[in-house]
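> Sequence and predicted structure below; questions after.
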Amino acid sequence: MNTISLPIRSTRIWGVLCLLCCLVLWSCRSGEKLYQKGKYDDAVTAFVKKLQSKPQEVTALQLLPEAYRHAQQLHEDRVNALLRSNNLHKWEAVRNEYRAMQRLYDAIHSSPAALGVVTPKDYRDAITGALENAAQTRYDEGNALMQRGDKASARKAYDEFAAALKLLPNFRDAKERKEEAFQAGIIHVVVSEIDVRSPYFQFSADQFRDYLVRTLEQRNVNRFVEFHDERFARAENLQPDQYISLRFMDFVVGQTYVDRLQREVSKEIVTGTTKDTSGKTIDIRTIVKATIFTTKKTVVSKGLLDYQITDVYNNRVLRTDRIPGSYTWLNQFGTYRGDSRALSEEDKKQIGGQDIAPPPPQELFVEFTRPIYDQLERDLRSFYSYVN
């Protein structure tokens, strides 16, 4: 049993050794190729990995210092070019260059052999300084935007303060300034009470408006847009930025149409048998008749919703449209008089049912406004989702 297992283990060990040798050889060639192509950061990383597994590898020891020197020079040149530029956010790009160099610093420190031939520069202080400058730039830009005093600038200021905090989470009073910018940038949209020109349907119209406001708030259409019911806005003395006026126009509820149809049907049927003079059996046929009475009651409700979005400060109409909606309630029933044998299978399908009352007007109002509501909600979500 041992004589069988030893060769298998030896083969496996030999395979692993071969694989490691291949990896070292590939790493060596890969580092040289990267170096020759001017990809100095990648070359440094490849040479360090090579020296971690083979500390005496000659090519890596020779080329690593050159690769690092070229990489450092390349990043330093980029930093100097950025610092001379007018790029407002150049410190963030500078930070990225320093971080790339710090990654090389960390890589070289992971290999004693690499440290023996290269003394990498520690860029931690440079990164910290670049971060502070980058955050300060964002912070100053946010303050400058806030001084403009308009909502669009406040929303941009919010993004600048947020960017400063992303760079340095506790930078100065950026959290407080961010919240101030948010509040200053909010667009308060008041949704009007709905004029339906009929007190009978006012409750249903109010429900329409209440559900619309609640849904828009729950959908969180835009973080800088808040929707308010006009009644509550008035009670809280809220000054709106935009006003959505809603009015149902040209609507009818419960317009009823009744169609009564009557038609005669007949069918020849076999009622028995008899024999003729020759003694042959023959069918006795007769004609049976019936009268079918069908009633089709249709109740139509339809109307238009006119809506308009207005900028309160300059009375400019931002959007206006009319949305149609309709609902048709149908009840059909039928009876017959006469011989049921005269009815076909299709006739029988029309028989039955009963005369029932349509839904109450308030329910019909709700039904015809459903498609209007769906379209209105889509319109408003689309319109306000692009506020920035």
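Done, it's in. Residues are numbered from 1 along each chain as shown.
> Can you report how many residues lie near R378?
11 (other Cβ atoms under 10 Å). Just so you know, the C-beta spots here come from the backbone N, C-alpha and C atoms, and that holds for glycine as well.
> Pull out the buried positions in the helix or strand where it lies.
Taking DSSP states H and E as the definition, R378 sits inside helix 361-384. Applying a neighbour-count criterion of 16 or more other Cβ atoms under 10 Å, one finds 361, 364-369, 372-373, 376-377, 380, 383-384 buried in helix 361-384.
> could those residues go into TSV alongside distance to S301 and pLDDT?
Listed next are the buried residues of helix 361-384 as TSV, based on distance: Cβ to Cβ, whole Å; pLDDT from 0 to 100:
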residue	distance to S301	pLDDT
P361	8	92
L364	4	94
F365	7	93
V366	9	93
E367	7	94
F368	4	94
T369	9	94
I372	11	95
Y373	14	95
L376	17	95
E377	20	94
L380	24	95
F383	28	94
Y384	30	94
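> what about the stretch 251-388 of the chain, any weak spots by pLDDT?
Filtered on pLDDT under 70, the stretch 251-388 of the chain yields the residue ranges 388.
> show me where it has helices.
Along the stretch 251-388 of the chain, counting by DSSP state H, counting those that start in this stretch, helices occupy 345-349, 361-384.
> For the longest one, which helices and strands make contact with it?
Yep, that's helix 361-384 we're talking about. helix 202-219, strand 242-275, strand 281-311, strand 317-338 (3 or more Cβ pairs under 8 Å, 6 or more residues apart in numbering; DSSP states H and E).
> give me that answer again for 10 Å
The contact analysis (3 or more Cβ pairs under 10 Å, 6 or more residues apart in numbering; DSSP states H and E) places helix 361-384 against strand 187-191, helix 202-219, strand 225-229, strand 242-275, strand 281-311, strand 317-338.
> between it and helix 202-219, how big is the angle?
Here helix 361-384 points in a direction 30 degrees away from that of helix 202-219 (axes from the mean of the first three to the mean of the last three Cα atoms, to 10 degrees).
> Number the chain from 38, please
Will do, 38 is the new start, and the previous item becomes helix 398-421.
> how far does helix 398-421 sit from the chain's center?
Distance of helix 398-421 from the chain centroid (Cα atoms, centre = their mean, to the nearest Å) equals 21 Å.
> And stretch 313-322, by the same measure?
81 Å.
> Can you name the residues in contact with that stretch?
Defining contact as Cβ atoms under 10 Å, 6 or more residues apart in numbering, one finds that stretch 313-322 is touched by E305, I306, V307, T308, G309, T310, T311, K312.
> Out of those, flag the one nearest to L367.
Lowest distance from L367 to the contacts of stretch 313-322 (Cβ to Cβ) belongs to I306, with 34.2 Å.
> now that closest one: how far from I321?
Using Cβ to Cβ, to the nearest Å, I306 is found at 10 Å from I321.
> neighbour count winner among the two?
Between I306 and I321, I306 has the larger neighbour count (other Cβ under 10 Å), namely 14 against 10.
> Highest mean neighbour count across the helices and strands packed on helix 398-421, which stretch is it?
Here the criterion is mean neighbour count by mean count of other Cβ atoms under 10 Å, and of the helices and strands packed on helix 398-421 the winner is strand 224-228, at a mean of 21.
> what packs against that strand?
Other helices and strands packing on strand 224-228, by 3+ Cβ pairs under 10 Å, 6+ apart, are helix 188-204, helix 239-256, strand 262-266, helix 267-272, strand 279-312, strand 318-348, helix 398-421.
> Check which helices and strands the fifth one sits against.
If contacts are counted by 3+ Cβ pairs under 10 Å, 6+ apart, strand 279-312 sits against strand 224-228, helix 239-256, strand 262-266, helix 267-272, strand 318-348, strand 354-375, helix 382-386, helix 398-421.
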